[in-house]
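Student: The sequence and its predicted three-dimensional model are supplied below.
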Amino acid sequence: MPFDTFVLDHESAIRLGFFLGTFVLLALWEYLAPRRTSRTAKAVRWSNNVALAAANMVMLRVLIPLAGVGLAAFVNERGTGLLNMLPVPYVVAIVVSLLAFDLAVYLVHLAFHNAPVLWRMHRLHHADVDVDVATAVRFHPIQVLLSTLVKFAVITALGTPVLAVLLFETIFHALLLFNHANVRVPPAVDRLLRWFVVTPDMHRIHHSVRPAETNSNYGFALPWWDRLFGTYGAAPAAGHERMTLGIEAFRAPRDLWLDRMLLNPMLDERSSRNGSSDPALTNVDT
Ligand SMILES: [Zn+2]
């Protein structure tokens, strides 16, 4: 394919540029039109979340030096994978690949909530007491590694086009940043948008401390899987401004630091603290 050489040569610059550009734009939007008042000061939380993201990038480079697009090029050259074995037009192969990637992410996210050992890896993402664009990069390295291996399994099984991998990685990460952003989207626009993409008001419900709300809205890009599999939630019971985000057991200011985040899977999730006091809250909104 004509794009493939260009994509293979420039994939990390394209991905990083797109990601950083989206991050900066959303941070600006959060500053100009925030949806909720932040409970914590941003300096510690953002610097530690970004440090975690940088550590994850380095970890992936070291442990899996092969990029997704490189794997796709290799699989396609060998002619293996379902889409290479069937007479599928290129455009259809791209659409099927994008849907398959996003469905896989949805199912893996369900697994991260339902298998106790996987929840230990994922709960760090939920432990953020504010949810904004910096929450979108707050994932434990083991979760990042497992998710990358699942993506590689999809690439190998389907023989996804190189361009589909790049499109997924750039669009998915931009939407991941968007749906975590603490941005005000007019209600009418939100209602329309959430038929096509997961919006911030939709995904924020998944970060609620209430288990029934946490166990809803697992989608990160397309909202259709939640509607199809009955995990869709429309609104938080307490309202978006007043709902409590995070996990009761990990709300202390110390839990915001990188070392505590990396150790989080080993810590006990105590259930005795049940929300009446919140040492991380410094700026409670009304
Ligand atoms: Zn989750």
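Tutor: Noted; the coordinates are in hand.

Student: Residue 69: how many residues sit nearby?
Tutor: Residue 69 has 26 neighbours, counted by other CB atoms under 10 Å. Where you see a C-beta, it was placed from the backbone N, CA and C, and this is true even at glycine.

Student: Please disregard the earlier target; I meant residue 165.
Tutor: Count around residue 165 with other CB under 10 Å applied: 27.

Student: Against which helices or strands is the host helix or strand of it packed?
Tutor: Applying DSSP states H and E as the criterion places residue 165 in helix 162-180. Secondary-structure packing of helix 162-180 (3 or more CB pairs under 8 Å, 6 or more residues apart in numbering; DSSP states H and E): helix 2-32, helix 68-78, helix 90-114, helix 200-206.

Student: Mind doing that once more with 10 Å?
Tutor: Counting by 3 or more CB pairs under 10 Å, 6 or more residues apart in numbering; DSSP states H and E, the packing neighbours recorded for helix 162-180 are helix 2-32, helix 68-78, helix 90-114, helix 141-158, helix 200-206.

Student: among those, which is nearest residue 45?
Tutor: Checking the helices and strands packed on helix 162-180 against residue 45 by CB to CB gives helix 2-32 as the closest, at 12.9 Å.

Student: Output the helix or strand just after the closest one as CSV - backbone C-alpha positions only.
Tutor: Per DSSP H and E, the first helix or strand lying C-terminal to helix 2-32 is helix 42-63. Output of helix 42-63 as CSV, limited to C-alpha atoms (Å, rounded to 0.1, in the frame of the first residue of the first chain):
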residue,chain,number,x,y,z
LYS,A,42,-2.8,20.1,39.7
ALA,A,43,1.0,20.4,40.2
VAL,A,44,1.6,17.1,42.1
ARG,A,45,-1.0,15.1,40.3
TRP,A,46,-0.1,16.1,36.8
SER,A,47,3.6,15.9,37.3
ASN,A,48,3.3,12.4,38.7
ASN,A,49,0.8,11.2,36.1
VAL,A,50,3.0,12.5,33.3
ALA,A,51,6.1,10.9,34.9
LEU,A,52,4.2,7.6,34.9
ALA,A,53,3.3,8.1,31.2
ALA,A,54,7.0,8.7,30.4
ALA,A,55,8.0,5.6,32.4
ASN,A,56,5.5,3.6,30.4
MET,A,57,6.9,4.9,27.1
VAL,A,58,10.4,3.9,28.0
MET,A,59,9.2,0.5,29.4
LEU,A,60,7.4,-0.3,26.1
ARG,A,61,10.4,0.7,24.0
VAL,A,62,12.7,-1.5,26.0
LEU,A,63,10.4,-4.6,26.4
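
Student: Appreciated, that's everything.
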